[in-house]
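Engineer: what follows is a predicted protein model with its sequence.
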Amino acid sequence: MSRRDDLRRRLAATSGRGRKLRGIVELLRPYRRQTGLMMVALVLGTAAALAPAPLAKQAIDRGITQGDTDALTVIVVLFIISALVVWVTSYAQTYLTNWVGQRALQDLRLDVFRHLQEMPVGFYERRPAGVLISRLTNDVEALEQMVTDAVTTLFQASLTLVGSIVILLLFDVELALLTFLIFPVMAIGSFAFRLASADAFSRTRETIGGLTAYLQESLSGIRVLKTFAQEPRHVGRFAELNADNRAANMTTVNLNAAYFPAVEFVSAVATVGILLYGGHQVVDGDVTVGVLVGFIAALNGFFDPISQLSQVYTTYQSGMAALDKIFALLDEKPDLVDAPGARELPRPLRGEVEFDAVTFSYSTAEGTKTALNDVSLHVPPGQTVALVGATGAGKSTLAKLAARFYDPTAGAVRVDGIDLREVTMKSLRSQMGIVPQEGFLFSGTLRENIAFGVAEGETLSDEVLERACRAVGAWDFVQRLEHGFDTQIGERGVQLSAGQRQLVAFARALVADPRILVLDEATSNVDLRTETVIEDGLRRLLAGRTAIVIAHRLSTIRQAGHIVVLEQGEIVESGTHDELLAAQGHYWRLYRDWAEQAAA
């Protein structure tokens, strides 16, 4: 069991604040040695920082008023030693805190990213990419501030407060009890602030997530946006989201502006009260000057931690709100996983694909919708089967079931006679190639994109890449590139045309050498000239492989061994191109309409 899975299991046993605190403990667990050293430095530094008040009392009462220069010298040396200890421990504490925090958050980012990689395709169809990006960026950043700043301040301020209370009591019990009257006022104010700020900080996490999501979507669709000249509308919508985020943050600003000055004011009033009361006691001879001076000095160690704890609460609230969002994401369990004891598909596959009475339904806002209904289809090894039909007929759903992006609601999908639910998804997809409607390319070089599907650590020679490009008709444009295979193609392959990107996607599929190939409208976004080049490449790509081809342009499927016509999730017709034309049924009408459009 991985540490992330162990973290998820531990969190499942708790709820509320305990769950969050347990999550932080689990993040820090691998670095408990460094965390322990940090705590030692924190305790020593806090003790040294509390020393000046008692030393000031001794300097006045034993050194100055008694005229004892030796005692004064010793006290001054102790002052210097305490300052050196504070300096050294502060350095160690700061270094170790950030060392541990950065590594723990690095682990968390990796855990979240790995978790996202495990989620099925359906998960991303329901989640805006920008919100997921916000979890890994904005929310982890908020959590970083809490781990590296708030947690340390929490412990340090708490120790300082406890130490200051002890020192005040040792100085003068009566003055200390008078000072402690401030606690009820502080407690009531802190409780009210906590109630008011909890929702406000949660709202800030939601608004920044929405802002990031809209930004990501707008930048991804920038070409469509500019095509329809919708820049003003998008700027207006972004301004609305930005204003929502500002309003949410201003709520927290207003709360902070009201609360923290109030804490400072109460502290100042309490200090004035102690000076008045303590001054009368000094005049009456009930306490010494050293006690009063030391007591006033120690008050900073009493009020400052209270103020720090109040201030750290804002960071704590923001971090906890971010932690909620991150844990909610980690709580999302993949609804498509390998079954216990799933076996590996044999290599190489023969390539037989069978859909046995397959039904697939999914939930929508209006209710349950059936995409496929009792579909049975057998694809022999090495045969090309073409799926045709109107938009929404179920063609792409059938192809996604073959790749096990989804499991059927009823029935079974088998490869070489083995139910896909009984095998590992990796062993299936390592022998399957998918070329979608838009060949998605990653930023980087052309070489990296063509070799994307090969095993990790395996390198391909230029000769192998060239053969693949020649086979699918991509070599003509590749050899014209200034840097050939080492050409940087930009984000999503923006430096290439749509047809060139699709040819690269074919070359990528060919290099991976799949036994089963799925082409999902792979030629619909290219011009007729490029389509002719692709058709020549397709014949070589499909040779000896089982293929499921989805196409609106029926010219690309005339040579298919078997053509299946789908309508409203059911097979209504099947056969060869010539057989279906002779039958003058659904396929004949589709082909007639396509031919008329092509001739127009």
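Structural biologist: Noted; the coordinates are in hand.
Engineer: quick one, domains of this protein?
Structural biologist: By the record's domain assignment, the chain is partitioned as 3-331, 348-431+516-529+544-569, 440-513 (automatic domain parsing).
Engineer: format the ones you listed as TSV; extra columns: mean neighbour count.
Structural biologist: Every residue, glycine included, has its C-beta placed from N, CA and C. Listed next are these as TSV, based on neighbours: other CB atoms under 10 Å:
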stretch	mean neighbour count
domain 3-331	16
domain 348-431+516-529+544-569	18
domain 440-513	17
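Engineer: for residue 590, find the nearest of these.
Structural biologist: Of all the domains of the chain, it is domain 348-431+516-529+544-569 that lies closest to residue 590, at 6.1 Å by CB to CB.
Engineer: mind checking the end-to-end distance for that closest one?
Structural biologist: From its first residue to its last, domain 348-431+516-529+544-569 covers 32 Å (CA to CA, to the nearest Å).
Engineer: same question for that domain, mean pLDDT?
Structural biologist: For domain 348-431+516-529+544-569, mean pLDDT is 85.
Engineer: any idea how far that domain is from the middle of the chain?
Structural biologist: 31 Å (CA atoms, centre = their mean, to the nearest Å).
Engineer: just stretch 493-500 next, same as before
Structural biologist: Averaging C-alpha positions (CA atoms, centre = their mean) puts stretch 493-500 29 Å from its chain's average.
Engineer: and stretch 291-308, by the same measure?
Structural biologist: Relative to the mean C-alpha coordinate of its chain, stretch 291-308 is positioned 44 Å out (CA atoms, centre = their mean).
Engineer: please save the CA atoms from it in PDB.
Structural biologist: Extracted C-alpha coordinates of stretch 291-308, given in PDB (Å, rounded to 0.1, in the frame of the first residue of the first chain):
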ATOM      1  CA  VAL A 291       9.600  43.500  39.600                       C
ATOM      2  CA  LEU A 292       7.500  46.200  37.900                       C
ATOM      3  CA  VAL A 293      10.100  46.700  35.000                       C
ATOM      4  CA  GLY A 294      10.400  42.900  34.500                       C
ATOM      5  CA  PHE A 295       6.600  42.500  34.700                       C
ATOM      6  CA  ILE A 296       6.000  45.100  32.000                       C
ATOM      7  CA  ALA A 297       8.800  43.500  29.800                       C
ATOM      8  CA  ALA A 298       7.100  40.100  30.300                       C
ATOM      9  CA  LEU A 299       3.800  41.600  29.200                       C
ATOM     10  CA  ASN A 300       5.100  41.700  25.600                       C
ATOM     11  CA  GLY A 301       5.600  37.900  25.900                       C
ATOM     12  CA  PHE A 302       2.000  37.600  27.100                       C
ATOM     13  CA  PHE A 303       0.100  39.900  24.700                       C
ATOM     14  CA  ASP A 304       2.300  39.300  21.500                       C
ATOM     15  CA  PRO A 305       1.500  35.600  21.400                       C
ATOM     16  CA  ILE A 306      -2.200  36.300  21.800                       C
ATOM     17  CA  SER A 307      -2.000  38.700  18.800                       C
ATOM     18  CA  GLN A 308       0.200  36.200  16.800                       C
END
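Engineer: which residues does it contact?
Structural biologist: Stretch 291-308 has contacts (CB atoms under 8 Å, 6 or more residues apart in numbering) with 49-50, 52-54, 56-57, 60-61, 153, 156-158, 160-161, 163-165, 167-168, 171-172, 175, 179, 186, 260, 263-264, 267, 270-271, 274-275, 278-279, 281-282.
Engineer: show me what contacts the residue most central in space within the chain?
Structural biologist: Geometric centre of the chain, nearest residue: residue 136, 3.5 Å, by CA atoms, centre = their mean. By CB under 8 Å, 6+ apart, the contact list for residue 136 reads 109, 112-113.
Engineer: quick one: the helices in the stretch 101-250 of the chain?
Structural biologist: With helices called from DSSP state H, counting those that start in this stretch, the stretch 101-250 of the chain shows them at 121-126, 129-134, 140-145, 151-171, 173-179, 182-220, 222-227, 231-284.
Engineer: what is the second one packed up against?
Structural biologist: Translated: helix 129-134. helix 182-220 (3 or more CB pairs under 8 Å, 6 or more residues apart in numbering; DSSP states H and E).
Engineer: and the fourth one, by the same measure?
Structural biologist: In terms of contacts (3+ CB pairs under 8 Å, 6+ apart), helix 151-171 is packed against helix 32-50, helix 52-58, helix 69-118, helix 173-179, helix 289-331.
Engineer: got the contact list for the spatially closest residue to residue 452 that is not a sequence neighbour?
Structural biologist: Sequence neighbours aside, residue 508 is the residue nearest to residue 452 in space, at 5.6 Å (criterion: CB to CB, 6 or more residues apart in numbering). Residue 508 makes contact with 439, 449-453, according to CB under 8 Å, 6+ apart.
Engineer: gap between residue 508 and residue 451?
Structural biologist: Distance, residue 508 to residue 451, using CB to CB, to the nearest Å: 8 Å.
Engineer: residue 91 now?
Structural biologist: 48 Å.
Engineer: can you check residue 502 too?
Structural biologist: 17 Å.
Engineer: likewise residue 472?
Structural biologist: Distance of residue 472 to residue 451, computed by CB to CB: 14 Å.
Engineer: still on that earlier bit, the helices of the stretch 101-250 of the chain: lowest mean pLDDT?
Structural biologist: helix 222-227 (a mean of 63).
Engineer: circling back to that earlier point, ok, so of the contacts of residue 136, who is nearest residue 43?
Structural biologist: residue 109 (30.6 Å).
Engineer: wait, isn't that closest one in contact with residue 140?
Structural biologist: Yes: counting by CB atoms under 8 Å, residue 109 touches residue 140, with 5.8 Å between them.
Engineer: residues bridging contact with those two, i.e. touching both?
Structural biologist: Counting by CB under 8 Å, 6+ apart, nothing touches both residue 109 and residue 140.
Engineer: related to what we said a few turns ago, could the domains of the chain go into JSON lines alongside distance to residue 538?
Structural biologist: Formatted as JSON lines, the domains of the chain follow (distance: least, CB to CB, whole Å):
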{"stretch": "domain 3-331", "distance to residue 538": "25"}
{"stretch": "domain 348-431+516-529+544-569", "distance to residue 538": "7"}
{"stretch": "domain 440-513", "distance to residue 538": "8"}
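Engineer: where does the stretch 1-150 of the chain dip in pLDDT?
Structural biologist: For the stretch 1-150 of the chain, the stretches flagged by pLDDT under 70 are 1-21.
Engineer: which residues touch the closest residue to residue 142 other than its chain neighbours?
Structural biologist: With sequence-adjacent residues excluded and distances taken as CB to CB, 6+ apart, residue 142 is closest to residue 322, at 3.9 Å. Shown in contact with residue 322 (CB under 8 Å, 6+ apart): 138-140, 142-143, 146, 205.
Engineer: let's see it at 7 Å
Structural biologist: 139, 142-143, 205 (CB atoms under 7 Å, 6 or more residues apart in numbering).
Engineer: cool, residue 185 as well?
Structural biologist: Contacts of residue 185 by CB under 7 Å, 6+ apart are residue 266.
Engineer: from residue 83, how far off is it?
Structural biologist: In terms of CB to CB, residue 185 sits 34 Å off from residue 83.
Engineer: re the thing from before, take the helices and strands packed on helix 151-171 and write them to JSON lines, including distance to residue 349.
Structural biologist: JSON lines is the format used below for these (distance: least, CB to CB, whole Å):
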{"stretch": "helix 32-50", "distance to residue 349": "48"}
{"stretch": "helix 52-58", "distance to residue 349": "77"}
{"stretch": "helix 69-118", "distance to residue 349": "24"}
{"stretch": "helix 173-179", "distance to residue 349": "79"}
{"stretch": "helix 289-331", "distance to residue 349": "35"}
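Engineer: thanks a lot, see you next time.
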